[in-house]
Every structure is written in C-alpha cells, then in structure tokens.
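[1] Just to be clear, the model below is a prediction. Sequence and coordinates:
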Amino acid sequence: MNLNQPTAPAIGVDLHGLKLAFQSPDLPLRERFEEIYGHLPRLNGAGSDVFIGWHIHKLPSAPPPPPGMPVIAEGPLVGYYGQGQLVAIRMPKYGLITVDLDQQRLVGAVTRNTLEAYGAFEDVLLISLAPLYRRRGWFPLHAFAALAPTGKVALISGQMGAGKTTTGLALLSAGWKLLSNDSPLLRLRPDGQVEALAYPGRLSAFDDSLARFEGLRRFIPPEAESKAEAAVIDLLGPSGPQKRAFRAEEAFTEPWAASGLAGGIFFPQVIPGLGQSELVEVSPKEAVLQLMPQAIEGWDKAAIGQTLHLLGKLVEQAPCYQLRLSPQVEQLPALISRGM
C-alpha cells in the first residue's frame, strides 16, 4: 500500500459467497473496481476472505521483481516469481502484484496503463486472483458464457477475432443472460456436473460487431469509423482497432445470471462467403485440446491436474462444436440452442 496517501475504506463485495475487499488510496482505481464489480452484493460489516490492496505506481513500467524471489516462469508479458506461499506476478506494462496464497492477500502497484488500456484492469485483477480461485475449486476459462432460456449455459471459446463476442452479443440480444464476457468460473459439483459461475466484467466489441445490433449501435461514437483507431486491445493481445467497453446494464435489462450447468461448448470461426451459420461436431478429445490453452496456466503446476480433470468432465457433459459463422447473426440463438 502507498503509505504517502490516505487510505480510503475498502469496497467489499460478495462473489458467490467469497468476500472480496478492494482498498486503494487512488480514486481512479476505486472507481474502476466499482464500475466492474459494483453490481455484486455488498458486504455488511467488516471482514473479508480476500483482501486486494493496490496503488498507482508513479513510473510508466512496473516495479522490478522482488529481490531474491526465484523465477517460476518468465515471459515478455507476464512473469511469475515464488517463494513458499508467496507468488509475485509482474506484468511489465501493468504492475507488480504479490499474492499471499495462505493469507489470501493481493498487494501491489499498478501503472496508469492498467486504467488506460482496454481490459487491462480486469485482466490484471483476474490474473492475480486466479491462483486463489483455483484453490477454491473455481477454474477460470477464457470464454463468453451465456445462460439460455432453457437454463443451460453456452460456453463460446476462441481467440480474438474468431467471432466470440459477436456470437455472445447475438445471444444477449435474443434475451439470454450473461454469466461472463471473458472469464466464467467453472467448478465441479458434488454430483459430477460442471457448473459455470458468473464473473464480473464489462462487455466490449469492435464497431463492426456493434453495428450488427440495432440496440448496440449507440455505443459507436458518431465520428468513429470501423478502422479509424489503433490501440492496445488487451493485456495479452496485439494492436488493432479499439474495442468499445460498456457495462452490460447499459445495454440490456437485468442482463446477469448467477450460474448454470454447462450445456454446450462452441468454438467460433468466421467463414468468408458462408450463407448460413452451421455447427460441426468436435470430438471430446479435440475439444479438450482447444480448451487447454484457455484454462491452464503452466506456472501453477499444483492446479494443472485438477483443471484437466474438470475439462474432461466438461466435454463429457456438454456437446462440443465448431461454430462456422456467417454474417447472419440473427440465426445464432436458435442454432446454438439446437446444439445444447
């Protein structure tokens, strides 16, 4: 914590029974946390399960790794350093967060890039919280998750540009409920079923995706052109057109669901010239191979076995498909419903 500034009261929220407390002397960080997590139930009284203490670092790059802390895994975008129950996570552009796995505390400094780059705040927070979530049996998956009127959850997983967000927005526009724009938490229930838990985050899309939906066109600035801007899109992504970020409540009425059983896994792929979207079955083995990079962090070796076990259960439970996308987004809700 930055000792040179007064400390504001912690913001406490309840995430599926897990009490999170976020504290920072810096108003912009508190406002961003409120923007993303503010729709969750508030904590009554003192006490929390997980404490998050952040402040804004004065320099444009992250502090150096803690001296004497051995390297677990190191790359140009994220480095992990560990000693006992302490894990330091350093993202050179975005900050240094030390996670105490025993005390359930995340303390560190983040750069202003964390507030200015699209999705960086959400990404840094999730990357820092993920090892704690996994030790609770909650496994983040990089996917869009939406609850169908039937009560089953569609998990739409793919790399940037595959059509994941456009597909998800088509579902929400048809009355489905949002569990997560980017990172639902999967858990294995005692009955062996895989359940998806909602995870906070803003919706976001490129202008060409927003333009496909009458109710979302208002999020495109009048002066903007689809390819007019260039900016860093997210923490681990390349440069390209800037996404528009907005709260789900700004676009849809009562958009959130809390949880649901996984009902289908869809890997979108845009097919130029395709007249009608279609589903092509994917084997469970192939589905697991596609899901592994979206669910497993190689540095966290203690959680790899559990994650693989959960993914195996997931593909046994939910049918898996390649979702071959045409420009006709209005077809998608009925097509995905048939797949579940």
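    Received the coordinates, thanks. Residues are numbered from 1 along each chain as shown.
[2] Per-residue pLDDT of the closest residue to Gly47 other than its chain neighbours, please?
    Excluding its sequence neighbours, the residue lying closest to Gly47 (CB to CB, 6 or more residues apart in numbering) is Lys19, at 6.8 Å. Where C-beta positions appear, they are placed from N, C-alpha and C, glycine not excepted. Looking at Lys19, its pLDDT is 96.
[3] Please name the bridge partners of Lys19.
    Asp14 (DSSP bridges).
[4] and what of Ile52?
    Beta-bridge partners, per DSSP bridges, of Ile52: Phe22, Leu106.
[5] Can you give me every residue that contacts it?
    For Ile52, the contacting residues are 20-23, 105-107, 125, 128-129, by CB atoms under 8 Å, 6 or more residues apart in numbering.
[6] and what of Trp176?
    146-149, 154, 333.
[7] pLDDT averaged over stretch 310-324, what's the number?
    Average pLDDT, stretch 310-324: 98.
[8] residues in contact with that stretch?
    So stretch 310-324 is in contact with 139, 155-156, 163, 167, 186-188, 192-194, 261-269, 271, 274, 277-284, 286-288, 291-292, 295, 335-336, 339-340, going by CB under 8 Å, 6+ apart.
[9] per-domain residue ranges of this structure.
    Split into domains by automatic domain parsing, the chain comes to 11-134, 139-339.
[10] The stretch 1-150 of the chain: helices as residue ranges?
    For the stretch 1-150 of the chain, the helices defined by DSSP state H, counting those that start in this stretch occupy 27-37, 113-116, 120-134.
[11] so of these, which one's packed in deepest?
    helix 120-134 (a mean of 22; mean count of other CB atoms under 10 Å).
[12] re earlier: by neighbour count, sort out the buried ones in the contacts of stretch 310-324.
    Buried members of the contacts of stretch 310-324, counted by 16 or more other CB atoms under 10 Å: 139, 155-156, 163, 167, 186-188, 194, 261-269, 271, 277, 279, 282, 284, 287-288, 291, 295, 335-336, 339-340.
[13] Those in helices, which ones?
    Those of the buried ones among the contacts of stretch 310-324 mapping onto helices are 167, 284, 287-288, 291, 295, 335-336, 339, per DSSP state H.
[14] okay, now Ser48: neighbour count?
    For Ser48, the count of nearby residues is 19 (other CB atoms under 10 Å).
[15] any idea how far the residue nearest to it when sequence neighbours are not counted lies from Gly137?
    Nearest residue to Ser48, sequence neighbours excluded (CB to CB, 6+ apart): Ala21, at 3.6 Å. As judged by CB to CB, to the nearest Å, Ala21 and Gly137 stand 21 Å apart.
[16] So the two - more neighbours on which side?
    Comparing Ala21 with Gly137 by other CB under 10 Å, the one with more neighbours is Ala21, at 19 against 14.
[17] related to what we said a few turns ago, looking at it, the residue nearest to Gly47 is touching Phe51, isn't it?
    No: the pair Lys19 and Phe51 fails to qualify as a contact (CB atoms under 8 Å) at a distance of 9.6 Å.
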